[in-house]
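Undergrad: Structure of the sequence below:
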Amino acid sequence: MRNSGKLKVRAGLLVALMAFTAATLAAESAKDTEARNAAAGFAITTSLTLLESLGRQCGTYEGEAGTQARAALQGWQQRNNRYLEPSMQRVLMLTDAVTAAAGEAEGKAFADARKAEFTGAARNALLGMFPDGEVTEAACARIVAATEDGAYDYRQHAEFFPTLKAIEQAGARR
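TA: Just a heads-up that it's a prediction; the model follows:
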């Protein structure tokens, strides 16, 4: 019986996503919707990863190491937030659509699932940044240098950047 409940939730989410697509993004094809959702997820995950690595971990070092980490994060945000904000808005609109179509509980479940998805992906990325699970000045210096060189900038990721740019431009038109 538990599986039938899951199927109902999935069916409700599908209906909500179809309603969202029809009402909010009528011009988007299913392929566009999938690409935009993936790009938005990438943008949010990258931001969470850098907030954690540079802000909450490396940024807490005293002295030059902490200052450089915070400056690198701020520089990244200045270059990329114009694409992050509409990505976050997209996820919020999807959540609202699920809530409207399937109710408050399903909307909350959808939001919780997205949060778990994004934080899980960020956690995996952090394991790559801090392979031994330890935050060291050397690891932080490596992350700062990569961030300052633009390695984490959205425009460096050809598989997502054109879509992020389209999301940003669509948001600017609204």
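Undergrad: the longest helix in this structure is where?
TA: helix 64-102 (DSSP state H).
Undergrad: mind checking which helix or strand of this protein has the lowest mean pLDDT?
TA: Taking mean pLDDT, DSSP states H and E as the measure, the helix or strand of the chain with the lowest value is helix 2-24, at a mean of 45.
Undergrad: Convert the C-alpha atoms of stretch 94-107 to PDB, please.
TA: Taking C-alpha atoms only, stretch 94-107 is exported to PDB below (Å, rounded to 0.1, in the frame of the first residue of the first chain):
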ATOM      1  CA  LEU A  94       7.800  25.100  -9.100                       C
ATOM      2  CA  THR A  95       7.100  24.700  -5.400                       C
ATOM      3  CA  ASP A  96       4.200  27.100  -5.600                       C
ATOM      4  CA  ALA A  97       2.800  25.100  -8.600                       C
ATOM      5  CA  VAL A  98       3.000  21.800  -6.700                       C
ATOM      6  CA  THR A  99       1.400  23.400  -3.700                       C
ATOM      7  CA  ALA A 100      -1.400  24.900  -5.800                       C
ATOM      8  CA  ALA A 101      -2.100  21.600  -7.600                       C
ATOM      9  CA  ALA A 102      -1.500  19.100  -4.900                       C
ATOM     10  CA  GLY A 103      -1.800  20.900  -1.600                       C
ATOM     11  CA  GLU A 104       0.300  22.300   1.100                       C
ATOM     12  CA  ALA A 105       1.800  19.000   2.300                       C
ATOM     13  CA  GLU A 106       2.900  18.000  -1.200                       C
ATOM     14  CA  GLY A 107       4.400  21.500  -1.800                       C
END
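Undergrad: any idea what sits nearest the most centrally placed residue in the chain, other than its immediate chain neighbours?
TA: Here the mean C-alpha position of the chain is nearest to the C-alpha of I44 (C-alpha atoms, centre = their mean), at a distance of 1.5 Å. Of all residues not flanking I44 in the chain, F118 sits nearest, at 5.0 Å (C-beta to C-beta, 6 or more residues apart in numbering). (C-beta placed from N, C-alpha, C; glycine too.)
Undergrad: I'd assumed V91 was in contact with the residue nearest to the centre of the chain.
TA: Yes: between I44 and V91 there is a contact under C-beta atoms under 8 Å: 6.8 Å.
Undergrad: so how far does stretch 54-72 reach from one end to the other?
TA: One end of stretch 54-72 sits 8 Å from the other (C-alpha to C-alpha, to the nearest Å).
Undergrad: and it, how far from the chain's centre?
TA: Remark: stretch 54-72 is offset 22 Å from the chain centroid, using C-alpha atoms, centre = their mean, to the nearest Å.
Undergrad: Next one: the closest residue to G150 other than its chain neighbours from K31, what distance?
TA: Nearest residue to G150, sequence neighbours excluded (C-beta to C-beta, 6+ apart): Q156, at 5.8 Å. Look at Q156 and K31: by C-beta to C-beta, to the nearest Å, they are 23 Å apart.
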